[in-house]
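>>> kindly generate the corresponding structure for this input.
(one chain, ligands or ions: 2)
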Amino acid sequence: MLKLGVPSKGRLMQDTFGWFGARGIALSRTGSDREYAGRVEGADLTLVLLSASEIPRELASGRIDLGVTGSDLVREKLAGWRSDVREVVQMGFGHADLVLAVPACWRDCENLDDFAAITRQFRGDHGFRLRIATKYHRLVRAFLSEHEVADYQLVDSQGATEGTVANLTAEAIADITSSGETLRANHLKILPDALIHASQATLFASQKADQAEVDRFARRYLGGIDA
Ligand SMILES: Nc1ncnc2c1ncn2[C@@H]1O[C@H](COP(=O)(O)OP(=O)(O)OP(=O)(O)O)[C@@H](O)[C@H]1O
Ligand SMILES: O=P(O)(O)OC[C@H]1O[C@H](OP(=O)(O)OP(=O)(O)O)[C@H](O)[C@@H]1O
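Ligands and ions are numbered 1, 2, ... in the order given. Below you'll find the model as predicted:
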């Protein structure tokens, strides 16, 4: 029986339940709010509720066969993610953009070229590299290297990343945004040509799963989507 991992809380969990429900598979949490057990009706699946950020690792190890999480998290957590997982279907919710943002008052910084010039100047002026706060280390490094920006350092920030600039622990940030409200409230602006990844909730299959069984499941419940 295929084992499905879905996010254990919040909008991502609710929207995932809704998405499967529309395909005739009723997923639900059992027990109390704090108990991460689940029930499935309408398909031969076992359900496990997990932190969205742990689902990539569980897929890679083969402990779950199918998993729902943000496409950003799979790319960030798994180097060479395609050898560990395959995309079964993009689910059309959980849209969020991983962007690079700088202080809104940086008038001379309107794009990535300006940003690259500022990083070079910054190092000379301050004696240390411009700091970018993020939890997306792999994706940010790959993006900046592809765009030949090298004079920076990453500062790890696992939450409230937009606050690091005001707190003087970073000069710029790379984080997920959807409405843009958190960036605006923290006086930051997006560099329009620095969209690092456009994320959405995605159903992934482990490369360690029985691929024929995954394909049978996709054909039966997802209208033959088994890319
Ligand atoms: N404001 C947002 N709007 C839409 N999607 C978001 C937003 N913030 C985060 N996401 C997406 O939600 C997914 C899960 O992010 P989140 O940080 O909540 O998970 P998590 O770290 O596993 O949570 P936890 O460890 O607290 O259980 C990611 O794929 C991310 O892109
Ligand atoms: O563009 P917006 O709609 O304002 O959303 C962006 C915010 O949402 C996420 O934070 P979340 O609440 O998931 O908490 P986090 O700080 O732990 O990442 C993200 O890290 C931003 O802080």
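
>>> in the protein, mark out all the helices, start to finish.
Per DSSP state H, the chain carries helices over the ranges 10-21, 55-61, 71-77, 112-126, 137-146, 181-185, 211-221.

>>> how far off helix 112-126 does the top strand by length along the chain point, in degrees?
Across the chain, the longest stretch assigned as strand under DSSP state E is strand 188-199. With axes from the mean of the first three to the mean of the last three CA atoms, to 10 degrees applied, the angle from strand 188-199 to helix 112-126 works out at 120 degrees.

>>> list the contacts for the residue most central in space within the chain?
Centroid-nearest residue in the chain, with CA atoms, centre = their mean: residue 72, separated by 2.6 Å. Residue 72 sits next to 96, 98, 136, 139, 176, 197, 199 when contact means CB atoms under 8 Å, 6 or more residues apart in numbering. Quick note: C-beta positions are derived from backbone N, CA and C, even for glycine.

>>> let's have those in a markdown table, adding pLDDT and distance to ligand 2.
What follows is the contacts of residue 72, written out as a markdown table (pLDDT from 0 to 100; distance: CB to the nearest ligand atom, whole Å):
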| residue | pLDDT | distance to ligand 2 |
| --- | --- | --- |
| 96 | 98 | 7 |
| 98 | 98 | 10 |
| 136 | 98 | 10 |
| 139 | 98 | 14 |
| 176 | 98 | 5 |
| 197 | 98 | 13 |
| 199 | 98 | 11 |
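
>>> just flag the most distant two among those.
Maximum pairwise distance in the contacts of residue 72, criterion CB to CB, is 12.7 Å, between 96 and 139.

>>> show me which residues of this structure are close to ligand 2?
Within reach of ligand 2 by CB under 6 Å from any ligand atom, the chain has these residues: 159, 160, 162, 175, 176, 177, 178, 179, 180, 181, 182.

>>> would you turn those residues into a markdown table with neighbour count?
Below are the residues of the chain next to ligand 2 laid out as a markdown table (neighbours: other CB atoms under 10 Å):
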| residue | neighbour count |
| --- | --- |
| 159 | 8 |
| 160 | 12 |
| 162 | 22 |
| 175 | 26 |
| 176 | 19 |
| 177 | 18 |
| 178 | 11 |
| 179 | 8 |
| 180 | 14 |
| 181 | 10 |
| 182 | 17 |
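
>>> gap between the one residue in the chain that gets nearest to ligand 1 and ligand 2?
Closest contact between the chain and ligand 1, by CB to the nearest ligand atom, is at residue 70 (1.7 Å). For residue 70, the distance to ligand 2 equals 10 Å [CB to the nearest ligand atom, to the nearest Å].

>>> spit out the contact partners of that residue.
Residues counted as contacts of residue 70 (CB under 8 Å, 6+ apart) are 12, 52, 94, 96, 199, 200, 201, 202.

>>> equivalent analysis for residue 64, please.
If a contact means CB under 8 Å, 6+ apart, then residue 64 has 3, 4, 5, 48, 50, 55, 58, 206 as its contacts.

>>> looks like the fourth one contacts residue 38 (just checking).
The one in question is residue 48. Yes - here residue 48 reaches residue 38: they are 6.6 Å apart, a contact under CB atoms under 8 Å.
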